[in-house]
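Student: could you work out the structure for the sequence below:
(one chain, ligands or ions: 2)
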Amino acid sequence: MTAGGQAARSGVEPARAAGGPGAAADGTSPAIEVSDLVFAWPGKPPLLRIERFAVARGERVFLRGPSGSGKSTLLGLVGGVLAPASGSVRLLGSEVSTLSAAARDRFRGEHLGFVFQMFNLIPYLGVLQNVMLPALFSAGRATRIGGPAALRAEAVRLLAALGLSDRSMLEREVTQLSIGQQQRVAAARALLGRPEIIVADEPTSSLDHDARENFLRLLMDECRAQGSTLLFVSHDTSLGPLFDRIESLTELNRRAGGPAPA
Ligand SMILES: Nc1ncnc2c1ncn2[C@@H]1O[C@H](COP(=O)(O)OP(=O)(O)OP(=O)(O)O)[C@@H](O)[C@H]1O
Ligand SMILES: [Mg+2]
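Tutor: Ligands and ions are numbered 1, 2, ... in the order given. I've put the predicted structure just below:
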């Protein structure tokens, strides 16, 4: 799937304790909590039926599943890019599936860093502008960086950690980058301002070995620094041990009697 698709409404630390299903937005509820969720693409039978999937605050979860099983779709639902046919998606204790499109966008901008499988960079903006974008929409993320004066330096720091330190690169339009470079820009944008939740959809798929190692180190460091929650999708199961828990989407779906994978 792609963001804004046709169904769009418009070294590892231990896991922390999860709140119960009814926990309030008081810091004890899970970072991500999906309950009784059903999702179908238009004209298709339900793709996802998930009774409960929760990620505790500060927990790092690796989500696996065959191609076409609905991993990106689930991440789109968690990220508020897609809306469920029924059921609930709670982030940090707030029900996001019933928010208006504008309120959901605001919530996502404030609390969520999302590395989309297709990157979703803004094509008419340069590399630095793409990375700095979240701070323009989120007071919390801007404040954590240290305000507008520190914004550019923070974007440069993240890009440099990902091997994009060439000055000539920073002002270049993102459409003039290689796919692997675009993926790293998307990663830097998601991490800017250390959001509470980071959702990453195949974020290493186009990276060579060194770029992949650099990205994973930065990702884990940034998560640890903020106590961020991480939901990470990859076909590369060798990355599993970096995470607190591995979830199989096929299993999640099967438990609730959902469809077998495509
Ligand atoms: N925008 C869309 N409109 C209609 N169907 C879609 C759309 N996006 C995805 N699908 C369908 O939903 C199913 C799950 O797709 P999804 O992209 O979530 O799988 P995935 O597990 O992320 O796969 P991959 O590992 O290849 O990225 C597929 O059958 C796909 O054809
Ligand atoms: Mg996918």
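
Student: which residues touch stretch 156-172?
Tutor: Contacts to stretch 156-172, defined as C-beta atoms under 8 Å, 6 or more residues apart in numbering, come from residues 126-128, 131, 177, 181, 184-185, 187-188, 191-192, 210-211, 214-215, 217-218. Backbone N, C-alpha and C define where each C-beta goes, glycine included.

Student: how close does E173 sit to F137?
Tutor: According to C-beta to C-beta, to the nearest Å, E173 and F137 sit 21 Å apart.

Student: could I get the full set of strands for the protein?
Tutor: 32-39, 48-55, 60-64, 86-91, 94-95, 112-115, 197-201, 229-233, 245-248 (DSSP state E).

Student: could I get those strands as JSON lines with distance to L162?
Tutor: Formatted as JSON lines, those follow (distance: least, C-beta to C-beta, whole Å):
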{"stretch": "strand 32-39", "distance to L162": "25"}
{"stretch": "strand 48-55", "distance to L162": "24"}
{"stretch": "strand 60-64", "distance to L162": "19"}
{"stretch": "strand 86-91", "distance to L162": "26"}
{"stretch": "strand 94-95", "distance to L162": "31"}
{"stretch": "strand 112-115", "distance to L162": "12"}
{"stretch": "strand 197-201", "distance to L162": "13"}
{"stretch": "strand 229-233", "distance to L162": "16"}
{"stretch": "strand 245-248", "distance to L162": "25"}
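
Student: I'd like those as TSV, with mean neighbour count appended.
Tutor: TSV is the format used below for the strands of the chain (neighbours: other C-beta atoms under 10 Å):
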stretch	mean neighbour count
strand 32-39	20
strand 48-55	21
strand 60-64	22
strand 86-91	20
strand 94-95	14
strand 112-115	26
strand 197-201	25
strand 229-233	25
strand 245-248	15
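
Student: turn these into a markdown table, columns for mean pLDDT.
Tutor: Output for the strands of the chain, formatted as a markdown table (pLDDT from 0 to 100):
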| stretch | mean pLDDT |
| --- | --- |
| strand 32-39 | 96 |
| strand 48-55 | 96 |
| strand 60-64 | 98 |
| strand 86-91 | 96 |
| strand 94-95 | 94 |
| strand 112-115 | 96 |
| strand 197-201 | 98 |
| strand 229-233 | 98 |
| strand 245-248 | 97 |
